[in-house]
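1. After the sequence you'll find the predicted model.
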Amino acid sequence: MSLQFLHGVDTIEVNDETRVIRTAKSSVIGIVGTAGQGPINTATLLTGSTRAATSTFGPLRDNGFTIPQALDSFFKQGDNSGATVVVINVCDPAVHNADEVDDVVTFGVGNTAKLSRQHISMVALDAAISGPVTATVAGALPTLPVGCTDIVLTTVAGAPVLAAAVVLGGKYILSYSATLIEGADFTVDVSNGVLTRPVDGSSIIPKATVSASYTYVDASAVTESDIIGMVDELGNTSGIKALYGAKAKVFVQPRILLAPKFTGTKPTLVTRNAVVTELEVAALKLGGIYCADCPDTSKEAAVAHRSDFGGLGYFHYPDFLTLSPEGDGTYTTLLASVILAGVMAAVDRSATEGFHVSPSNHTINGVLGLTKDVDFNINDSETAANYLNANFVATSIHVDNFLLWGNRLANGEFINRRRTAQMVNESILYAHLWAVDRNIGKGYVEQVVNGVKEYLRQLKNREVILGGTAWADKEINTPSVIGNGELFIDYDFGGPTPAEHIHFRAHLTDKYVAAIFDI
């Protein structure tokens with residue numbers, strides 16, 4: 001009966017339609033690491049743009065920072081570069097820094113000089129300058145910079161020249177002292193560590209050699225404690241703990257967690273890695289998994305490290321080799337956890353696959369080799385690859401391309417079964433926020449149950465699960481339970497299982513001999 005009086009006719013819309021359940025996004029990577037620039041201990045969202053990654057956290061260089069290298073690798077995996085990444089940079093320039101003294105550099109092509117470090121500040125150039133000069137004719141040298149003192153001229157061989165009047169045409173070395181001012185005599189690209197000499201007006205002659213002193217951001221100063229993070233008295237978070245509140249800031253939940261460089265060590269025989277321990281906690285809280293490196297020494301050491309953990313970890317041995325970004329043709333190490341996260345996210349994003357598909361046996365992009373030899377034969381159980389997999393450590397093999405090889409988490413569970421359970425369970429939970437605080441009645445229970453049934457039916461049709469159903473158990477939902485404002489809805493579903501071991505049974509027989517004479 002309406003609580004308002006009306007002499008007439010009205011319409012009351014009854015909402016008893018089945019509610020649509022949408023699957024939560026599984027491919028969001030959450031990385032805690034180091035960068036020479038960018039927000040500090042603040043969840044920052046990047047969505048596949050290399051330009052945005054570079055402008056935010058600095059260019060890719062071989063300088064020990066983990067975030068630029070990881071982002072570059074994430075964006076190379078899969079058929080597209082659409083990786084979604086939540087980044088926590090723990091490197092604070094005010095804390096994690098060091099001083100470089102007397103870094104001797106020469107202004108070369110483009111009137112630039114490259115310092116040995118990047119992400120620098122407080123640059124000072126030594127007043128003592130030296131560089132080549134050329135006398136075009138006898139007694140004629142180029143005009144010296146204004147305000148120079150302590151001028152010394154020598155031949156290239158080092159013999160002193162007393163006066164310009166005795167200079168013959170040719171090359172000489174000029175040394176002098178000058179007061180150098182940033183902005184007038186040189187400019188600094190702090191991200192790349194490049195000094196530039198203005199073509200006109202500088203007190204630095206072309207091709208001069210100078211000595212630079214400066215402060216630079218030092219990735220090696222970051223500790224395990226910085227990566228693990230904390231919650232201060234004001235509730236501010238840092239490190240891995242900053243991932244917990246990321247969804248409220250960037251509106252996506254990190255599911256694939258990693259802290260490269262800090263997960264690949266086992267402190268002692270009886271102690272385990274503190275960062276991996278924290279990642280286990282984070283993965284449980286966030287409904288995801290974490291990717292971990294192993295000691296890059298031996299397969300036995302890798303297994304010993306993994307054996308410390310039995311939860312939601314995906315471990316890999318060994319690390320990878322890739323070309324150095326310095327462009328000098330040398331190799332640099334790419335940590336395995338970065339590859340694990342990138343490949344997994346790419347499989348999740350694939351139009352034909354998803355979180356219900358194991359990342360194993362998928363192509364790895366952007367690598368040239370492994371840091372250690374791992375032998376593999378598809379039907380041989382005595383190989384290093386099979387030893388690692390049997391002990392729940394993934395590895396990589398090369399068959400035409402490099403392939404990720406290993407299906408199991410640290411606890412032995414198939415990674416795609418666990419991730420399917422996580423995503424289905426969470427999707428159902430968050431899809432029923434509408435149902436909280438509604439009155440419990442027959443239509444209400446039917447709406448909830450039918451919504452879950454329909455969602456599981458859709459997943460089955462897409463071959464994400466094998467099947468499933470939902471129901472409300474009368475024996476559990478007693479009058480006292482309902483009277484206390486509680487309701488129990490049960491559901492089940494069959495998760496996917498990867499074909500980890502395929503058996504071919506070969507039968508050699510004579511029964512086809514007779515067919516020879518069927519003419």
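-> On my side now, so go ahead.
2. Show me what the biggest helix by length in the chain is packed up against.
-> Taking DSSP state H as the criterion, the chain has its longest helix at helix 442-461. In terms of contacts (3 or more C-beta pairs under 8 Å, 6 or more residues apart in numbering; DSSP states H and E), helix 442-461 is packed against helix 415-431, strand 467-471, strand 490-494. C-beta here means a position set from N, CA and C on the backbone, and glycine is covered the same way.
3. give me phi/psi at the nearest residue to Val133 once chain neighbours are set aside?
-> Residue nearest to Val133 in three dimensions, not counting chain neighbours: Leu174, with 4.7 Å by C-beta to C-beta, 6 or more residues apart in numbering. Phi and psi for Leu174, reported as degrees, to the nearest 10, are phi -110, psi 130.
4. Show me what Leu174 is bridged to.
-> On the basis of DSSP bridges, Leu174 is bridged to Gly131, Leu153.
5. rewinding a little: indicate which one of the helices and strands packed on helix 442-461 is closest to Ser55.
-> Evaluated over the helices and strands packed on helix 442-461, closeness to Ser55 peaks at helix 415-431, with 32.3 Å, by C-beta to C-beta.
6. helix, strand or coil for the spatially most central residue of the chain?
-> Closest to where the C-alpha atoms of the chain average out (C-alpha atoms, centre = their mean) is Ala70, at 4.0 Å. Secondary structure, DSSP: H, G, I helix; E, B strand; the rest coil: Ala70 is helix.
7. That one contacts Val338, doesn't it?
-> Yes - applying C-beta atoms under 8 Å as the test, Ala70 and Val338 come out as touching, 4.5 Å apart.
8. list the residues that contact both of these two?
-> Overlap of the contact sets of Ala70 and Val338 (by C-beta atoms under 8 Å, 6 or more residues apart in numbering) consists of 258, 260.
9. got the contact list for Leu243?
-> By C-beta under 8 Å, 6+ apart, the contact set of Leu243 is 30, 32, 43, 86, 88, 254, 257, 282, 286.
10. which of the residues you listed lies closest to Ile516?
-> Nearest member of the contacts of Leu243 to Ile516, counting by C-beta to C-beta, is Leu257, at 62.9 Å.
11. give me the number of residues near that closest one?
-> If you count neighbours by other C-beta atoms under 10 Å, Leu257 ends up with 29.
12. Checking it next. Helix, strand or coil?
-> From three-state DSSP, the assignment for Leu257 is strand.
13. What of Ser211?
-> Going by three-state DSSP: Ser211 is strand.
14. Just the pLDDT at Val20, thanks.
-> Predicted confidence (pLDDT) for Val20: 64.
15. just the one 3 residues further on next, same as before
-> Listed pLDDT for Thr23 reads 69.
16. can you check Lys171 too?
-> Per the predicted model, pLDDT is 86 at Lys171.
17. pLDDT weak spots in this structure?
-> When residues are selected by pLDDT under 70, those of the chain lie in 1-21, 23, 79-81, 142, 163-166, 519.
18. which stretches of the stretch 201-350 of the chain form helices?
-> 224-228, 246-250, 274-286, 299-306, 336-349 (DSSP state H, counting those that start in this stretch).
19. In this model Pro295 seems to touch Ala301, though I could be wrong.
-> Yes - using C-beta under 8 Å, Ala301 is in contact with Pro295, at 4.3 Å.
20. Please enumerate the shared neighbours of those two.
-> Shared contacts of Ala301 and Pro295, defined by C-beta under 8 Å, 6+ apart, are found at Lys266.
21. on that earlier part again, which of the helices of the stretch 201-350 of the chain sits most buried?
-> helix 336-349 (a mean of 28; mean count of other C-beta atoms under 10 Å).
22. Packing partners of it?
-> Partner elements for helix 336-349 (3+ C-beta pairs under 8 Å, 6+ apart): strand 28-33, helix 66-74, strand 256-258, strand 289-293, strand 313-316, strand 401-405.
23. And the last one, how far out from the chain middle?
-> Strand 401-405 has its C-alpha centroid displaced from the chain centroid by 19 Å (C-alpha atoms, centre = their mean, to the nearest Å).
24. ok, residues contacting it?
-> Contacts to strand 401-405, defined as C-beta under 8 Å, 6+ apart, come from residues 316, 320, 339-340, 343, 359-364, 367, 376, 385, 389, 394-397.
25. returning to that earlier point: so which of the helices and strands packed on helix 336-349 is nearest Tyr444?
-> Shortest separation from Tyr444 across the helices and strands packed on helix 336-349 is recorded for strand 28-33, at 32.7 Å, computed as C-beta to C-beta.
26. quick one: terminal-to-terminal distance for stretch 486-500?
-> In stretch 486-500, first residue to last residue: 42 Å (C-alpha to C-alpha, to the nearest Å).
27. Give the buried residues for that stretch.
-> 487, 489, 491, 493, 495-496, 498 (16 or more other C-beta atoms under 10 Å).
28. Repeat that for stretch 76-85.
-> By neighbour count on 16+ other C-beta under 10 Å, the buried set for stretch 76-85 is 76-78, 83-85.
29. Same question for stretch 418-431.
-> Residues of stretch 418-431 classed as buried: 418-420, 422-424, 426-428, 431 (neighbour count, 16+ other C-beta under 10 Å).
30. cool, stretch 347-363 as well?
-> Residues of stretch 347-363 classed as buried: 347-349, 353-362 (neighbour count, 16+ other C-beta under 10 Å).
31. neighbouring contacts of that stretch?
-> 26-27, 78-80, 82-83, 340, 343-344, 346, 394, 401-407, 414-416, 419-420, 423, 463-465, 495-496, 498.
32. Only C-alpha atoms, please: export that stretch in PDB.
-> As requested, the backbone C-alpha atoms of stretch 347-363 are provided in PDB (Å, rounded to 0.1, in the frame of the first residue of the first chain):
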ATOM      1  CA  VAL A 347      48.100 -12.800 -22.200                       C
ATOM      2  CA  ASP A 348      45.400 -11.200 -20.100                       C
ATOM      3  CA  ARG A 349      45.000  -8.400 -22.700                       C
ATOM      4  CA  SER A 350      44.800 -10.800 -25.700                       C
ATOM      5  CA  ALA A 351      41.600 -10.800 -27.600                       C
ATOM      6  CA  THR A 352      41.700 -14.600 -27.800                       C
ATOM      7  CA  GLU A 353      43.100 -15.400 -24.300                       C
ATOM      8  CA  GLY A 354      42.900 -14.000 -20.800                       C
ATOM      9  CA  PHE A 355      43.600 -14.600 -17.200                       C
ATOM     10  CA  HIS A 356      42.300 -18.100 -17.500                       C
ATOM     11  CA  VAL A 357      45.200 -19.000 -19.800                       C
ATOM     12  CA  SER A 358      48.600 -19.900 -18.400                       C
ATOM     13  CA  PRO A 359      51.400 -17.500 -19.500                       C
ATOM     14  CA  SER A 360      53.600 -20.500 -20.100                       C
ATOM     15  CA  ASN A 361      54.600 -21.400 -23.700                       C
ATOM     16  CA  HIS A 362      54.100 -17.700 -24.800                       C
ATOM     17  CA  THR A 363      56.700 -15.800 -26.800                       C
END
